[in-house]
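Engineer: Just the structure for this:
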Amino acid sequence: MQVSKMAAGLIGSEIIRIGNQVSEQVRQGANICNLTIGDFDSKIFPIPAGLTAGIIGAYQAGMTNYPPAAGMGELRDSVSAFLKTRQGLEYSANDILIAGGSRPLIYATYRALLDEGDRAIFPLPSWNNNHYCHLVGATPVAVPTRPENNFMPTAADLAPHVAGANLLALCSPLNPTGTVFTKEGLEEICDLVIAENKRRGPDEKPLYVLYDQIYWLLTFGEAKHYDPVSLRPELRDYVIYIDGTSKCFAATGVRVGYSFGPTTIIDKMKSILGHVGAWAPKAEQVAMGKFLPQTAAVDEFLTSIKGRLQTSLTALFDGLKELKAQGYPVDAVAPAGAIYLTAKIDVLGRTAPDGTILTTTAELTSYLIAEAKLALVPFSAFGSPASEPWFRASVGAETVDSIQAALPRLKAALDKLK
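Structural biologist: Numbers count the residues shown, from 1 in each chain. Below is the predicted model of the structure:
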């Protein structure tokens, strides 16, 4: 059967492939600590009670027809006020677009800004930018990052690639690493973009920044969130923000995401998604519009979920560091935000009990699922080479007890390697 070249060239999700492995093991009776999916178990992390009540009430009130294509006006007003209060960002309701989570908004940004062959820069590892490039026919420019910079891109990393590029896709806190930009690091990147756009002529398409901050309300310890327009207001005409409520309220299935940025670009994104029809359900929009202004309830929930997520991340981090202290070839990067921990399991080239030589992180992933009953996602699923021993661990769907119980199993699995 003939399909489009775009469809024929699409690559399946490595995360879904690993998830299927886990599901099969569970079906056979295995008890696996599943740290693969960037999601929450609603039994462990339920959404705010006030939001639940609001959604039920909206359905009972008959809010089941089409919402406005750009999003409910009341919700866009609430998002506008929320951004001003929480981040000091002033964007009117007209410059905010609501959609069914952040994915349609990222797609709409790529589609609105890039023509076929245009160059899009993004760091490695990062989530799905290579696939969005493929969907719109853009040329991907993947820039490797380094563990000594917590896998965050630096201006020096990006500088050789900005000439002639049209989009720079950034994310902080970063999926998959759980690390964040420092103020100085992001300022240097902002200055790089400003200088590049000043260099371009009036007829040249500028270098835009897609800034994904969907996890920004989930930062831990001394880590702080920074964004381009707050640091450099002159970038306002070039930055498109991706944001939403999926992660901060453990509400991934509620599907309320939002984007904001320059009026002209947001208007084009509205038109794109108006044809795609990727809006969030009306009842959920109504409920979220009423919940966001409830400052005390929002703060109470954020304090609780951040504390619990940090406890889980710290348990895993401390456990890996203890294994390292015992001489095992593992390590971890201190968690700063999101629901992710960067873990290093440096045993490639070793031999499993059945004689298999573990030559790639995909093979190591399968070994850990089978032997340690521990499921992680290798950075190769986010564009990094399969020879690099780094993994993402997502803690939103497992308890602290489950995470701690997996560590001795990991130790035993490592002991079996030759």
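Engineer: C-alpha from now on. contacts and neighbour counts both.
Structural biologist: Noted.
Engineer: which SSE is A296 in?
Structural biologist: Using DSSP states H and E, A296 maps to helix 295-325.
Engineer: Okay, strands next: where are they in the stretch 101-250 of the chain?
Structural biologist: Using DSSP state E, counting those that start in this stretch, the strands of the stretch 101-250 of the chain run over residues 119-124, 139-144, 167-171, 208-212, 239-244.
Engineer: Touching, P176 and Y340? I think so.
Structural biologist: Yes - between P176 and Y340 there is a contact at 6.4 Å, judged by Cα atoms under 8 Å.
Engineer: okay, and the common contacts of these two?
Structural biologist: R392 (Cα atoms under 8 Å, 6 or more residues apart in numbering).
Engineer: From the chain's centroid, how far away is the helix holding A296?
Structural biologist: Remark: helix 295-325 is offset 17 Å from the chain centroid, using Cα atoms, centre = their mean, to the nearest Å.
Engineer: Need phi/psi at F181.
Structural biologist: When read as degrees, to the nearest 10, the backbone of F181 gives phi -70, psi 140.
Engineer: what's the distance between it and L316?
Structural biologist: For F181, the distance to L316 (Cα to Cα, to the nearest Å) stands at 22 Å.
Engineer: Just want the most central residue of this protein.
Structural biologist: Centroid-nearest residue in the chain: N175, 3.9 Å away (criterion: Cα atoms, centre = their mean).
Engineer: quick one: least confident helix or strand in this protein?
Structural biologist: helix 14-27 (a mean of 83; mean pLDDT, DSSP states H and E).
Engineer: what ranges do the helices span in the stretch 201-350 of the chain?
Structural biologist: Applying DSSP state H, counting those that start in this stretch to the stretch 201-350 of the chain gives helices spanning 228-231, 263-276, 282-291, 295-325.
Engineer: same deal with the stretch 51-200 of the chain?
Structural biologist: Secondary structure of the stretch 51-200 of the chain (DSSP H, counting those that start in this stretch): helices at 73-87, 103-113, 129-136, 155-158, 183-199.
Engineer: Out of the ones you listed, which one sits most buried?
Structural biologist: Per-stretch averages of neighbours, counted by mean count of other Cα atoms under 10 Å, single out helix 103-113 among the helices of the stretch 51-200 of the chain, with a mean of 22.
Engineer: Output the contacting helices and strands for that helix.
Structural biologist: On a contact count with 3 or more Cα pairs under 8 Å, 6 or more residues apart in numbering; DSSP states H and E, helix 103-113 meets helix 129-136, strand 239-244, strand 257-260, helix 263-276.
Engineer: quick one: the second one to helix 73-87, angle?
Structural biologist: The one in question is strand 239-244. Relative orientation of strand 239-244 and helix 73-87, computed by axes from the mean of the first three to the mean of the last three Cα atoms, to 10 degrees: 110 degrees.
Engineer: relative orientation of strand 239-244 and strand 167-171 in degrees?
Structural biologist: Using the same axes, to 10 degrees: strand 239-244 against strand 167-171 is 40 degrees.
Engineer: Against which helices or strands is strand 239-244 packed?
Structural biologist: Short answer (3+ Cα pairs under 8 Å, 6+ apart): strand 239-244 packs on helix 103-113, strand 208-212, strand 257-260.
Engineer: now the first one
Structural biologist: With contacts defined as 3+ Cα pairs under 8 Å, 6+ apart, the packing partners of helix 129-136 are helix 103-113, strand 139-144.
Engineer: Kindly report the same for the shortest one.
Structural biologist: The helices and strands touching strand 257-260, judged by 3+ Cα pairs under 8 Å, 6+ apart, are strand 96-99, helix 103-113, strand 239-244.
Engineer: Okay, now the sheet partners of that strand, with direction.
Structural biologist: Sheet pairing here is set by DSSP bridges, and for strand 257-260 it gives strand 96-99 (antiparallel), strand 239-244 (antiparallel).
Engineer: so can I have TSV of these showing distance to I369, mean neighbour count and mean pLDDT?
Structural biologist: Shown next, in TSV, are those (distance: least, Cα to Cα, whole Å; neighbours: other Cα atoms under 10 Å; pLDDT from 0 to 100):
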stretch	distance to I369	mean neighbour count	mean pLDDT
strand 96-99	35	27	98
strand 239-244	32	24	98
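Engineer: hang on, the earlier thing: L158 is nearest to which of the helices and strands packed on strand 239-244?
Structural biologist: strand 208-212 (12.6 Å; Cα to Cα).
Engineer: So what's the residue count around V229?
Structural biologist: Neighbourhood size, V229 [other Cα atoms under 10 Å]: 20.
Engineer: Oops, could you answer that again for K43 instead?
Structural biologist: If you count neighbours by other Cα under 10 Å, K43 ends up with 9.
Engineer: Distance check, the residue nearest to T109 when sequence neighbours are not counted against I96.
Structural biologist: Nearest residue to T109, sequence neighbours excluded (Cα to Cα, 6 or more residues apart in numbering): M269, at 6.6 Å. According to Cα to Cα, M269 and I96 sit 10 Å apart.
Engineer: swap in P389?
Structural biologist: On the measure of Cα to Cα, P389 and I96 end up 40 Å apart.
Engineer: swap in A296?
Structural biologist: A296 sits at a distance of 24 Å from I96 (criterion: Cα to Cα).
Engineer: Appreciated, that's everything.
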